[in-house]
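Novice: With the input below, show me the fold.
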Amino acid sequence: MLRVLNDAEDADLEALRALACKVLTGMARSAPCKQILRELSFFRTGELQVLMRERSLDLHGDYVKFEKYSTELLEIVFETKLKLPIPVNLADHVVKQDILRRTRINFASQEIDLLLLAHLESRDLTNTASCLVDEVGLKRQAQTPSSPQQNGRKTRLSISPGIMKSPPSSTSSTSKHHGGFKVPHPRSVVAPPLTTAAVSPKNFILDATDAPATVNGLPNLVGIVANNFRSQHAECEHPIALCPPFSLKKSHRCPAPSRIGKPPADIFLRLDARQGRPDNSATGWGRRLDRSHIFSRFKPIGNIEFPASDPEAFDPNDGMLSAAFLGPLQKDVVMGGRDGCIVVYNQASLVKPTHHRPCHEYCETYHLAALPRRTDLFLSCCTESSSLWRFPEDRRCALIRHYENTHYMDMPHWHNNIALGVQIEEAFIIDLETGDRTVTFHDELLQGRYARNRPSFHPADDIVTHDGLLFDVKTGRLIHKFDQFERHTSNGSFHPSGNEIIIDSEVWDLRNFKLLKSVSAFHQCQLKFNASGDVVYAIHYPEDVDEIEQMTTDFPGSFTTVDSFNYNTIFGMDLKRRFNAMALDSIDNLICLAEPYNETFCTYGRLLQIGVEKSELEVEEEEEDDEEDYSSDDDDEDDVTGFFDEDEYDDNEEEVMDDWWDPNDGDEVAELDGAEEEGSASDDWTEDENAGDDDGDDDEGDSDNFYELGDINN
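Specialist: Here you go, the predicted structure:
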């Protein structure tokens, strides 16, 4: 509600924001709600603090209430006291304050003696200073005059560092003066071996963390010194909780994070230094940098073309809606069209398909997926039915079984005899051999009714997610319902590790059903994990558009790669052309994009190679194309928005009308139509008339070519 209130009137804006914060404050008093609110990006990225800084003209009315309730809300959520102005990066500020609160303030007791001696020396209380020196055990040492300023004083007082007495130092260039007393620098003091005689009971490490502010009604000197050290520690950029004893001789600064033992940023140095290291896991030494290097480079290597229009096969003008890689070496690509056909291409020749046939009659093939661990089998789904296909070595797809009233199917990770199907709002386990539905997953009261509901199996195949709910596979029992923050999104995707599930931009822990993190890069996106499961592809969809409308909506396509371990964004790829589906091969080498039909280049798909960077020439060509497109758009706008005089506009209109009604153009048009008819008649792209059915049989005969379930498992 706070995000969408920007369109409200200025008079009511602050009042509505104050009301929203008041409601959230009441909800935050519940521990589960507080934990969820703390992890939302709205609070962690400082959006509420930005709204608080947008001060209105009325500083004594509704804005004061909004500032009051928002501050109270942030204090409850982050469990800390806040002072205005509240920092935008409040989450980092709270972490830093927690570190400062846990830091123990320790310093040598002679630091207090140093302050007293400096004060007495400034007041010329020599006798009192001498008594204090003798009482606390300070040591006098002879000082050889080396400058005119030091000739009037023959002796100096030395404060022993730490808890040890310091011997006379012959080095005077590194000493510091505090009120006339010489305090040797710790590096210039050669401390004797630590013995019992060297330890003074009057000089010890003092823990002033909990020192009282006042003593006998007066400010406590120990507390004043501790606050000074605490303020120095608060200015550190990277504070640590365990600090060495503080000292008044030098200002405190926590050390910056060291890069000792960290992998180098250069990939060649990193690969060379990794030799001999036994750790080869995904979270090992330098693996995060490897993922950032590989999955931030994508190079187009080919366009999937359609050379000529063949009405016997399929109409490419509608474009492709789905794609998948097939074969043991992932060398073949199958694509599903809007008219229900499937087309197979080989990477060696993307100009002409190796096989095509009708799949679903009068129905869009909007989903294709190869079976896990069986690259010769794949599923095709449309809005009315689904089919299971075999892709043999001759690259001629054969139908295994057809499943009616199942508009989406998902295969488990470890079984080949069952599948997870969907019909409208009901999910079920279907037997692939008989087509019977064994277990049903549905809850009318708790279902979320997500716009892009695609149920899926857990990596262990023991639970499924459907419409924001978790169900047990064997019994169909409801396990848990996740809180719903967005309806126009997918219902959730399991992390390959099996411990997390991602629903829109929220990452939930499956072990305790708590919100772990909110990733803004996942908002309104379809998620696809790579083969190893350490990188997520977030495919961006337009907002407030369902899955069917998205296929026909003209929007620029883009996707983002995200590290699946820490959910940090790796790279955002702008494709400059919209696409309808993305397919990833099983070896993290290629990406296939199914696109609408491009009449200029006669293409409806592209292949991208992962980990290969574009050459400088290709980058320059893309920039030139973008400049030409931009200039052409400007020219079009100038033509449309130009202003003419009335007489000039009338003259132009008469000339256009005269050219349009030229009677001599009819013969030319007729000649062009005849030439086009001759060209289409001579088109011999297909070898026979039945190009859509490569086996020479009718589509109805394919139903007799079913395979037994034993062939699926073999």
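
Novice: CA atoms of stretch 33-51 as CSV?
Specialist: Below are the C-alpha coordinates for stretch 33-51, written out as CSV (Å, rounded to 0.1, in the frame of the first residue of the first chain):
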residue,chain,number,x,y,z
CYS,A,33,5.1,-11.0,11.2
LYS,A,34,8.1,-9.2,12.6
GLN,A,35,10.5,-11.8,11.2
ILE,A,36,8.9,-11.5,7.7
LEU,A,37,8.8,-7.7,7.7
ARG,A,38,12.5,-7.6,8.7
GLU,A,39,13.5,-9.6,5.6
LEU,A,40,11.4,-7.7,3.0
SER,A,41,13.2,-5.5,0.6
PHE,A,42,10.9,-2.6,1.4
PHE,A,43,12.5,-2.3,4.8
ARG,A,44,16.0,-3.6,4.1
THR,A,45,16.6,-1.3,1.1
GLY,A,46,15.4,1.8,2.8
GLU,A,47,12.2,2.5,0.8
LEU,A,48,10.3,3.6,3.9
GLN,A,49,13.1,5.9,5.0
VAL,A,50,13.1,7.6,1.6
LEU,A,51,9.4,8.2,2.0
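
Novice: For that stretch, the averaged confidence score.
Specialist: In this model, stretch 33-51 has a mean pLDDT of 86.

Novice: What of stretch 505-512?
Specialist: Mean pLDDT, stretch 505-512: 92.

Novice: For the stretch 201-350 of the chain, just list every one of the strands.
Specialist: For the stretch 201-350 of the chain, the strands defined by DSSP state E, counting those that start in this stretch occupy 205-207, 214-215, 218-219, 298-305, 320-326, 332-337, 341-346.

Novice: and these as TSV, adding distance to R357 and mean neighbour count?
Specialist: In this view, the C-beta of every residue, glycine as well, is placed from N, C-alpha and C. Formatted as TSV, the strands of the stretch 201-350 of the chain follow (distance: least, C-beta to C-beta, whole Å; neighbours: other C-beta atoms under 10 Å):
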stretch	distance to R357	mean neighbour count
strand 205-207	81	15
strand 214-215	90	10
strand 218-219	90	9
strand 298-305	17	17
strand 320-326	15	26
strand 332-337	11	26
strand 341-346	6	23
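
Novice: Y537: which of these is closest?
Specialist: Comparison of the strands of the stretch 201-350 of the chain against Y537 by C-beta to C-beta identifies strand 298-305 as nearest, at 10.7 Å.

Novice: shaky segments in the stretch 601-714 of the chain?
Specialist: Where the stretch 601-714 of the chain drops to pLDDT under 70, the residues are 624-714.

Novice: quick one, which of the strands of the stretch 201-350 of the chain is nearest to A581?
Specialist: Per C-beta to C-beta, nearest to A581 of these: strand 320-326, 4.7 Å.

Novice: Can you spell out which helices and strands pack onto that closest one?
Specialist: For strand 320-326, the contact count by 3 or more C-beta pairs under 8 Å, 6 or more residues apart in numbering; DSSP states H and E identifies strand 332-337, strand 367-371, strand 374-381, strand 581-584, strand 590-598, strand 603-610 as packing neighbours.

Novice: Rebuild the ones you listed as TSV, extending it with distance to V136.
Specialist: Written out in TSV, the entries for the helices and strands packed on strand 320-326 read as follows (distance: least, C-beta to C-beta, whole Å):
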stretch	distance to V136
strand 332-337	84
strand 367-371	80
strand 374-381	82
strand 581-584	73
strand 590-598	74
strand 603-610	70
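
Novice: what bridges to P300?
Specialist: Note on P300: beta-bridge partners by DSSP bridges are L608.

Novice: quick one: low-confidence ranges for the stretch 51-200 of the chain?
Specialist: The stretch 51-200 of the chain contains residues with pLDDT under 70 at 55-60, 138-200.

Novice: Recalculate using a threshold of 90.
Specialist: Low-confidence segments of the stretch 51-200 of the chain (pLDDT under 90): 51-68, 78-98, 100-101, 106-200.

Novice: Now do the strands in it.
Specialist: Using DSSP E, counting those that start in this stretch, strands in the stretch 51-200 of the chain cover 106-108, 139-142, 155-158, 176-178, 181-183.

Novice: hey, where'd the helices end up in the stretch 151-300 of the chain?
Specialist: Remark: helices assigned in the stretch 151-300 of the chain by DSSP state H, counting those that start in this stretch are 221-234, 267-274, 287-294.

Novice: weakest of those in terms of mean pLDDT?
Specialist: Looking at the helices of the stretch 151-300 of the chain, the bottom one is helix 267-274 with a mean of 83.

Novice: And for that one, what's in contact with it?
Specialist: P263, P264, W285, G286, L289, D290, H293 (C-beta atoms under 8 Å, 6 or more residues apart in numbering).

Novice: Next: stretch 428-443.
Specialist: For stretch 428-443, using C-beta under 8 Å, 6+ apart, the contacting residues are 388, 401, 403, 406, 409, 416-422, 425-427, 455, 464, 466, 469, 471, 473-476, 478, 708-709, 712.

Novice: Strands - which of those land there?
Specialist: Within the contacts of stretch 428-443, residues falling in strands by DSSP state E are 388, 401, 403, 409, 418-422, 426-427, 464, 466, 469, 471, 478.

Novice: Nearest spatial neighbour of G605, chain-adjacent residues omitted?
Specialist: Closest residue to G605 apart from its sequence neighbours, by C-beta to C-beta, 6 or more residues apart in numbering: I304 at 3.3 Å.

Novice: That neighbour and C602 touch, don't they?
Specialist: No: assessed by C-beta atoms under 8 Å, I304 is found out of contact with C602, at 10.0 Å.
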